[in-house]
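Student: have a look; sequence and predicted model below, questions after that.
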Amino acid sequence: MTKLNIFLLLFCPIFLFSQEKTIVVSQNIRVKNEFEKRVSSRFFGRLDTLSLPFQDDFSSTEVFPNSSNWMDYQVYVNNHMSVKAPTLGVATFDGLNEQGMPYDIQAVGMSGPSDTLSSKAFNLLNRRGSDSIYLSFYYQAEGLGEAPEINDSLVVDLYNKNGFWNTVWGTPGTSVGVWKQVLIPVIDSNYLHAGFRFRIRNYSSLVGFLDHWHVDYVRLAANRLYNDTVVYDFAYSATPGNLLKNGFTQVPYLHFKSDSSRFLSNGHQTTFNVLGYGIQTIATAASYVEPRSGFQVHSQSLVANSSSNTRTYFPFSIPLIGTDSFELDAVYSIGSNSSIIKSNDTIKRRYLFYNQYAYDDGTAEYGYGLNTNGGRIAYRFISTRPDSLRGISLSFIPIKTDVSRDLFTLMVWKSIPEPGTGKGEQLIYQSNFQKPKYQRFYNGFVNYEFDSAIAISDTFYIGWQQNTDKVLSLGLDRNDTANSNMFYNVTGTWQSSGIPGAWMMRPILGKRANLKIPTQELQRESISFYPNPAQDHLFVSGLNPYESAKFEIYSSMGQKMQSGFIFDGQIQLDPSLHGLMLLNILVKGERICFKFLKD
């Protein structure tokens, strides 16, 4: 993205012509929360000495790199920002620091040193140049993020015996997002000392989640050559295929329960990479488990040679063991004793069956919106049975421009004039004077509840009309595509969305849950939680991303049973809790009270 466009997006959106816009994120709430947890628990790396051979493919941790291998926490470890990575998990370099905030929000139009990934020390004192030590890694520019410019760069430094860093490799920014591997010799005597380290750094815009580089499979080993590019491993590298069809990532449990065949796909696939080996017989397995009870719903095993690295798992019936909700973990594994890094041999995808339809995976790579006052967006859903629409769940992504006071009107349509259909527009509900609200945890959703339920059946649309020309920055999931159901209107004519992705907007269906206890203390209508009854955890929604929230849990007799901070919108419940519980959420001195049952 050019520096001029960064300036326009961050400070002058009204000067852009009227249309759909993606906008870069100004902070990473997930990184911010993880940093706070590590500070509070003093969970940072020690000055351990590493040995050869060394390898890390970033599959063993999330958010931050493995503290056993790395000194710092500025890169973002994830599995959703790159495209076709060699293995599961990458380290993403951008313009946000270890607290998920811009390095310098005022440095518009400037590039500078940004993220650093520094290894712990290696004792190479007794090594010689003839040991032929090489450092290697894979890297990709852009991926699903934003392409680094020509004056941005990715560089490698080596730490010499005199206590100085020497830059030994670098590459300029590019929009060509192919994976490449680089090999760097560590044979000079200046580097063969007891405290040798290496680091990978990027130069980028300093104002946000920009200029992305992704790094995977870092190796440092002896007895290598300059052309030793072959990695030997079997590894998953991407999210498993969807067990559901028609683009759904979530469906309401009662809808699924009434006719599961309308939602289960005819087969879903997983793909793993065979790195270095020739054709071998590979066993893979899939296990489908209800995580709250540990009940195994189904399992499948497949054995085939590695000439094809795709495995297709066939549909199966899911026992309907829940009452009003259900969860399912799909866990896939590679059964090979030849795999080098075991943490990339297993991958999991969780499915939630509660009270929402969703097309997104819950992870935003960009913010989405319109820069037109009066602009409207509409998201199409098809309900498989008559139901009551109780509200809309939205995930707004924080950006530089403060839009928390800007207004929009929530809308529900029975029909809109989709392009080429000749349909009329039938608005059936609207709620004025709404404002963007934010969750404290990464990619959190906020529920906007209606005053009264709206009867829906078959096709319906949810969306808004904005009362501002600012981009409201709704979360945009780039790993899923729901464009056939996404429409916008800035000229009086409805058009299909031209920006690939899935909006993070979900309809809330079913009966209203009576979760709150009458109290004289202040209650925020936007704060809610699920599931109820609960087993081992609670998920809390509606908290502001900039607020620190605590919780207290009391027995029905008034005895305090548990207390602490709410991290990532979750409360891990003490196993000793049982029966009717009272939950207090404390935010800025305000107390919000609920009740729930602990199984």
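Tutor: Received it, and whenever you're ready, just let me know what you need. Source: prediction; values computed, not measured.

Student: list the contacts for residue 446?
Tutor: Residues in contact with residue 446 (Cβ atoms under 8 Å, 6 or more residues apart in numbering) are 393-396, 437-439, 526, 541-542. Where you see a C-beta, it was placed from the backbone N, CA and C, and this is true even at glycine.

Student: now those in CSV, with secondary structure and neighbour count?
Tutor: CSV is the format used below for these (DSSP: H, G, I helix; E, B strand; the rest coil; neighbours: other Cβ atoms under 10 Å):
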residue, secondary structure, neighbour count
393, strand, 21
394, strand, 24
395, coil, 26
396, strand, 24
437, coil, 20
438, coil, 20
439, coil, 23
526, coil, 16
541, strand, 20
542, coil, 24
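
Student: which element is residue 287 on?
Tutor: Taking DSSP states H and E as the criterion, residue 287 maps to strand 281-290.

Student: for that strand, packing partners?
Tutor: The helices and strands touching strand 281-290, judged by 3 or more Cβ pairs under 8 Å, 6 or more residues apart in numbering; DSSP states H and E, are strand 268-275, strand 295-305, strand 326-335.

Student: which parts of that strand are buried?
Tutor: 282, 284-290 (16 or more other Cβ atoms under 10 Å).

Student: can you redo those as TSV with pLDDT and distance to residue 140?
Tutor: Formatted as TSV, the buried residues of strand 281-290 follow (pLDDT from 0 to 100; distance: Cβ to Cβ, whole Å):
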residue	pLDDT	distance to residue 140
282	81	26
284	86	26
285	89	30
286	90	28
287	92	31
288	91	32
289	90	33
290	87	36
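
Student: quick one on the thing from earlier: from the contacts of residue 446, which shows the smallest pLDDT?
Tutor: Across those, the smallest pLDDT goes to residue 526, namely 63.

Student: now do stretch 89-100, average pLDDT.
Tutor: Mean predicted lDDT for stretch 89-100 stands at 90.

Student: for residue 83, give me its contacts.
Tutor: Counting by Cβ under 8 Å, 6+ apart, residue 83 makes contact with 140, 143-144, 177.

Student: list the contacts for residue 573?
Tutor: 534-538, 553, 562, 598.

Student: repeat for residue 139
Tutor: Residue 139 is in contact with 154, 171, 179-182, 213-216, counting by Cβ under 8 Å, 6+ apart.

Student: are any of these buried, and which?
Tutor: By 16+ other Cβ under 10 Å, those give 154, 171, 179, 181-182, 213-216 as buried.

Student: those: which two are farthest apart?
Tutor: Largest separation among the buried ones among the contacts of residue 139 by Cβ to Cβ: 171 and 216, giving 15.2 Å.

Student: middle-most residue in this protein, spatially?
Tutor: residue 363 (3.5 Å; Cα atoms, centre = their mean).

Student: pLDDT at that residue, what is it?
Tutor: 86.

Student: now residue 229
Tutor: For residue 229, the model assigns a pLDDT of 88.

Student: please parse this structure into its domains.
Tutor: 44-231, 236-353, 366-509, 528-598 (automatic domain parsing).
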